[in-house]
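*Asks:* return atomic coordinates for the entry below.
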Amino acid sequence: MRKFTTALFAATLMAGCSSTPKADSELELAQKSPHLAAIPAETPYALASLEPMPMGEMVDMLGQLGTAMDALSGQMAAMLTPQSTTAERFAVAYLEEFRGKWNREGLESLGFSMSPRTAVYGISWLPVFRYETKDPEAMKGLIQRIETRAGLTSTEQKIGEYTYKAYANDDGVFALSFQGNELVMGFTPTSTAELYLPYLVGEKKPEDNILKSRALELLTEKYGFKPYFLGFVDIERIVQMLVSPQPGLNEDIAARLSPERDLSMSPVCQTEIRSLAAKYPRMVMGYDEWTSTQFSARGGLEMTNGLGAKLAKTRTSIPASNSTYANDAMAAFGAGIDMGALVQVAVEMANAHRETPFQCEELAEFNQAAEQFGALSMMIPPVVSQLQGVNVILKDIKAPANGPQAPQGDLAVAPTGEYTAAVVIRSSNAVGLMDFLKMTAPELANLAVQPDSVAVAIPDLASMGVPPGNYFLSMTPNQIGIAAGQTAADDVVELANAAPTETPWITFSYDAVRLIDALGGAPELEGMSKMFLGPVQMEVIPNDSGVFFTYRQQFAE
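*Replies:* Numbering: from 1, shown residues only. As a prediction, this is how the structure comes out:
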């Protein structure tokens, strides 16, 4: 019976062990993600892929640009002369290789992958770019043809068992190598070549890397970034490299790059500057989507001092952001910020700093700024601290027949054509704000406007440099709307009465295609708008972790 029990226990234990996945060893991890294993854990900046980037839909979009890109290639080739620079010849040679190949099959025939893993990072200050190819041999052929077309000269160099192409110039060496399926490129001044190149080509490996530190995985877990391309700029490490260098590869290269730098900063200054950087340790970023119709990315500045949470409490509502008028705007800027609360945050920070000022002479200006702000904050008029949001909206603009230039041919500072636009201001005391505006512009002094939503015509504001037009204003107890255009009288009533809604802290948006067309057009951009000029919207939102942004771009039809 005892033997049976022992055998049953052993079988159960073995079954349990066999059902548990075995953790990858460091070697296996490095083989799966060589581009991450090559990034030093102490790098000051890194952007990389945790998973292959889904490039297919983006490539479909590129295909739509094929005709325009091929035409551009022909135009540039026709402009080449014996005096053309190496860069100009390279650009033409590069574009010529892509002629008729702006599609999946064409790009893959050149060696490009439709699902690559990529990385951009620093070996100390010096940059490295890594790209996972589909066909390294095809990519090598592409590079050789571009060299021949452009008249470039390279030499085959070797470090240990690793070879690379070297393109020399007056300042240093541009190096290119292949490591398995990866194309690796970088640049180094001559003074740091012997330290940098062994790590670039793979002959040396960093003692610790971000694959082992899980730096990028932690970003996905904390911020929800997609794993396709994400990264950081390590402000703390950069400050350390500048003011308090530590032994290692970063310092070895930095010392060669700047042999005459001054490292005599006092221990007090080193401590205080590093402490300041620790409050804003990193810029982080990652992209969420890149398809044939749109691109979106997120990022922000991390804060460990609670400032992000304090700024979040100043967030109100961007006025009239949900109004019909605001829909389909050509461009807009909005801020939903309680200025009184924002001033209070600044006062608290200044007071705290005055209690514990910096001892470092290099930071004396911060002490002076804190003292000056304490005095200036008492002088801020109520009309400013009562502001709770602003929205500037451009609906349409029509340039004059001769374009948006002044008679002398210079760019006109103020628009001289017809335009439809509005400004909406939210305040806890709109009547007091209106009184202030009357004092600012003499033409408004006798304007009979009440907080009753009635539209009132505004006279020409010549003293403020505003061009003649059809202007109206409407006011409620908490909101003022000012509009210009054919329908301004109706527009201001809607804007003044628009109810607050949840919005970001700050927004900025524009439609480049519509703006360019309205200001006279740009024929040379025809066919390129799908790639570069679709409507853009940027949002800024503070939270407990810092201040973060979202960037969205659509690709025009």
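*Asks:* burial count for residue 70?
*Replies:* Neighbourhood size, residue 70 [other CB atoms under 10 Å]: 17. Where you see a C-beta, it was placed from the backbone N, CA and C, and this is true even at glycine.
*Asks:* doesn't residue 100 make contact with it?
*Replies:* Yes: with contact defined as CB atoms under 8 Å, residue 70 reaches residue 100; the gap is 6.7 Å.
*Asks:* tell me where the stretch 101-250 of the chain has strands.
*Replies:* For the stretch 101-250 of the chain, applying DSSP state E, counting those that start in this stretch gives strands covering 118-123, 126-132, 155-159, 162-168, 172-179, 182-189, 230-234.
*Asks:* using CSV, lay out those together with distance to residue 272.
*Replies:* Converted to CSV, those look like this (distance: least, CB to CB, whole Å):
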stretch, distance to residue 272
strand 118-123, 25
strand 126-132, 29
strand 155-159, 42
strand 162-168, 43
strand 172-179, 35
strand 182-189, 32
strand 230-234, 19
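*Asks:* residue 148 is nearest to which of those strands?
*Replies:* Using CB to CB as the measure, strand 162-168 is the one of the strands of the stretch 101-250 of the chain that comes nearest residue 148, at 13.4 Å.
*Asks:* pull out the buried positions in that closest one.
*Replies:* Using 16 or more other CB atoms under 10 Å as the test for burial, strand 162-168 gives 162, 164-167.
*Asks:* please apply the same query to stretch 292-299.
*Replies:* 294-299.
*Asks:* for stretch 237-245, same thing?
*Replies:* 237-243, 245.
*Asks:* longest strand in this protein, by number of residues?
*Replies:* Longest strand of the chain, by residue count under DSSP state E: strand 387-398.
*Asks:* what's downstream of that strand, the next helix or strand?
*Replies:* Sequence-wise, the next helix or strand downstream of strand 387-398 (DSSP states H and E) is strand 418-427.
*Asks:* dump the helix or strand that that following strand is followed by to PDB, restricted to CA.
*Replies:* Next helix or strand after strand 418-427 toward the C-terminus (DSSP H and E): helix 430-440. Written as PDB, here are the backbone C-alpha positions of helix 430-440 (Å, rounded to 0.1, in the frame of the first residue of the first chain):
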ATOM      1  CA  ALA A 430     -18.800  86.800 -17.300                       C
ATOM      2  CA  VAL A 431     -20.100  90.300 -16.500                       C
ATOM      3  CA  GLY A 432     -16.800  91.200 -14.900                       C
ATOM      4  CA  LEU A 433     -14.900  89.800 -17.800                       C
ATOM      5  CA  MET A 434     -17.000  91.900 -20.200                       C
ATOM      6  CA  ASP A 435     -16.300  95.000 -18.200                       C
ATOM      7  CA  PHE A 436     -12.600  94.200 -18.500                       C
ATOM      8  CA  LEU A 437     -12.900  93.700 -22.300                       C
ATOM      9  CA  LYS A 438     -14.600  97.100 -22.600                       C
ATOM     10  CA  MET A 439     -11.600  98.800 -20.900                       C
ATOM     11  CA  THR A 440      -9.200  96.900 -23.200                       C
END
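*Asks:* just the helices from the stretch 1-150 of the chain, written as ranges.
*Replies:* 2-18, 26-32, 34-37, 56-64, 66-79, 86-97, 104-109, 136-150 (DSSP state H, counting those that start in this stretch).
*Asks:* again with the stretch 451-557 of the chain
*Replies:* Going by DSSP H, counting those that start in this stretch, the stretch 451-557 of the chain shows helices at 488-497, 512-518, 529-532.
*Asks:* and what of the stretch 151-300 of the chain?
*Replies:* Applying DSSP H, counting those that start in this stretch to the stretch 151-300 of the chain gives helices spanning 193-201, 210-213, 215-223, 235-243, 249-257, 267-278.
*Asks:* TSV for those helices, including distance to residue 59?
*Replies:* TSV is the format used below for the helices of the stretch 151-300 of the chain (distance: least, CB to CB, whole Å):
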stretch	distance to residue 59
helix 193-201	28
helix 210-213	28
helix 215-223	24
helix 235-243	35
helix 249-257	36
helix 267-278	40
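*Asks:* of the buried residues of stretch 292-299, closest to residue 91?
*Replies:* Nearest to residue 91 among these: residue 295, at 24.0 Å, using CB to CB.
*Asks:* got a list of what the closest one touches?
*Replies:* Remark: with contacts taken as CB atoms under 8 Å, 6 or more residues apart in numbering, residue 295 is in contact with 287, 289, 551-553, 555.
*Asks:* again, 6 Å this time
*Replies:* By CB atoms under 6 Å, 6 or more residues apart in numbering, the contact list for residue 295 reads residue 553.
*Asks:* tell me the bridge partners for it.
*Replies:* For residue 295, the beta-bridge partners are residue 290, residue 553 (DSSP bridges).
*Asks:* where does this protein have low pLDDT?
*Replies:* Along the chain, segments meeting pLDDT under 70 span 1-32, 56-58, 60-64, 399-417, 463, 520-533, 556-557.
*Asks:* ok so, going back, figure out which of the helices of the stretch 151-300 of the chain is closest to residue 489.
*Replies:* Nearest to residue 489, of the helices of the stretch 151-300 of the chain and by CB to CB, is helix 215-223 at 46.5 Å.
*Asks:* buried stuff in that closest one?
*Replies:* Neighbour-count burial for helix 215-223, counted by 16+ other CB under 10 Å, picks out 215-216, 219-220, 223.
*Asks:* now swap in stretch 458-469 and tell me
*Replies:* 458, 461, 469.
*Asks:* repeat for stretch 146-155
*Replies:* Applying 16+ other CB under 10 Å to stretch 146-155 flags 146-147, 149-150, 152, 154 as buried.
*Asks:* could you do stretch 175-194 as well?
*Replies:* Applying 16+ other CB under 10 Å to stretch 175-194 flags 175-179, 181-188, 191-193 as buried.
*Asks:* how far does it stretch from start to finish?
*Replies:* 12 Å (CA to CA, to the nearest Å).
*Asks:* need the residues that contact it.
*Replies:* 126, 128-133, 136, 139, 164-166, 171-174, 196, 200-202, 253, 256.
*Asks:* quick check, distance from that stretch to the centre of its chain.
*Replies:* Relative to the mean C-alpha coordinate of its chain, stretch 175-194 is positioned 26 Å out (CA atoms, centre = their mean, to the nearest Å).
*Asks:* swap in stretch 444-460?
*Replies:* Mean-position distance between stretch 444-460 and its chain equals 42 Å (CA atoms, centre = their mean).
*Asks:* quick one: the longest strand of the chain to helix 488-497, angle?
*Replies:* 150 degrees (axes from the mean of the first three to the mean of the last three CA atoms, to 10 degrees).
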